[in-house]
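Novice: What would the 3D arrangement of this be:
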Amino acid sequence: MAYPTVRDGCEPTDEAESWILIPDYDIITTKKTVYMKFIKIFMLTVAAVLFASCSDDDETLNSMQTSVGFETEAIAIKENAGMTKLPIVIEGYRNGDVSVEITAEGTGANPAKEGEHFRITDNTLSLLAENDTTNNATLYIEFQPVDDKVINDNREVTLTIATAKGATVKTQKLVVTLRDNDAAFFEKFYGKWTLTGINNKGKQVEKTINITGPTEETDPDYNNTLWATGKNLFEVGVDLNFEWPMAYTFDLASKKGTISIICYENYVATYGSAYQWVWVQLIGNSFVTNPLVAEWSLGEGDAFPTTIEWNPDATLVFYQPGAGWWGYMSNLKMVQQ
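Specialist: Take a look at the predicted model:
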């Protein structure tokens, strides 16, 4: 059998160089064998790399007893609040990384839609072991409501910790109420107003009052009670500081509301321990404790009214229980400054 040389017509020029003579009928078979061995080696190498990568990931994850959870179960945010950081609390020492995946779903009677009513910067949050190894730490969801400039009912979205790596989940859900600031007319009453009226001497009275109230929707007085303050609304020979509550109502469907001066429930002014005054209302010849109610409504384009007027016959009396009245005003009106 003839054996072809590897180099036809050439002779080895180096003693270290040797010729391997391969039978012609074995060339294809040998190539196949070498190719299959190369594939096997490549696949084993890839598997080893992937296994090492997974092992490295597992090694970086926290393996100690650690929990993650929302700081609270519910929160209310105004539409115009801008970027808001919602905390996720990590409790327990760590020897590796902790990460969470957040999902958002519109819930409640008026579900909020992501991208339309709110945005979340990143749904995946991580705390690397080298960044913090203390007992407690906090991750923050960057949550931004969209101010749509439209009067609507409050919207709701529920944020959920869908997955947690390196920790167990404690408080998994957070219900976020997006409070419509466009219909927050309660807060639009805040600020300085000019109170005018005709006093018991027939003279025009003009006094500056300041109206305040709670800003947190969780406060029981929110959307219910405003507070007014002023100085020397009635002249009694000494300086007096006045403060009194006013009841607030508003109906979104009709876009109408009321402001009522509450009578007799609180002292509106005091002087030492001997003098305390309240409001009462004069109807006919009788003093009554009914509130003085003024109606108001939104203007064109849902414009907030800058003038509030009471019925001209409604008479507010500065009254000392057990002693009688000290003065009164009718034709009451408030104009926002």
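Novice: Domain ranges for the protein, per the record?
Specialist: Annotated domains of the chain cover 67-180, 185-336 [automatic domain parsing].
Novice: Now render these as JSON lines, adding mean pLDDT and mean neighbour count.
Specialist: All C-beta atoms are positioned from the backbone trio N, CA, C, and that covers glycine. Supplementary listing: those in JSON lines, determined by pLDDT from 0 to 100; neighbours: other CB atoms under 10 Å:
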{"stretch": "domain 67-180", "mean pLDDT": "92", "mean neighbour count": "16"}
{"stretch": "domain 185-336", "mean pLDDT": "95", "mean neighbour count": "15"}
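Novice: got these as CSV, with distance to residue 61 columns?
Specialist: As requested, the domains of the chain are exported to CSV (distance: least, CB to CB, whole Å):
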stretch, distance to residue 61
domain 67-180, 4
domain 185-336, 38
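Novice: what residue is smack in the middle of this structure?
Specialist: By CA atoms, centre = their mean, the mean C-alpha position of the chain lies nearest to residue 77, the distance being 3.0 Å.
Novice: Let me know whether that residue touches residue 175 as I believe.
Specialist: No: using CB atoms under 8 Å, residue 77 is not in contact with residue 175; the gap is 11.2 Å.
Novice: Wasn't the residue nearest to the centre of the chain part of a strand?
Specialist: Yes: the assignment for residue 77, made by DSSP: H, G, I helix; E, B strand; the rest coil, places it in a strand.
Novice: That one pairs with what?
Specialist: Beta bridges link residue 77 to residue 178 when assigned by DSSP bridges.
Novice: quick one: it from residue 110, how far?
Specialist: 15 Å (CB to CB, to the nearest Å).
Novice: One more: residue 206?
Specialist: To residue 110, residue 206 is 44 Å away according to CB to CB.
Novice: Kindly report the same for residue 154.
Specialist: Distance check for residue 154 against residue 110: by CB to CB, it reads 7 Å.
Novice: hmm, who's touching the host helix or strand of residue 160?
Specialist: Under the assignment given by DSSP states H and E, the secondary-structure element containing residue 160 is strand 155-165. Strand 155-165 is touched from outside by 61, 68-70, 86, 88, 97-112, 114, 117-118, 141, 143, 169, 172-178, 180, with contacts defined as CB atoms under 8 Å, 6 or more residues apart in numbering.
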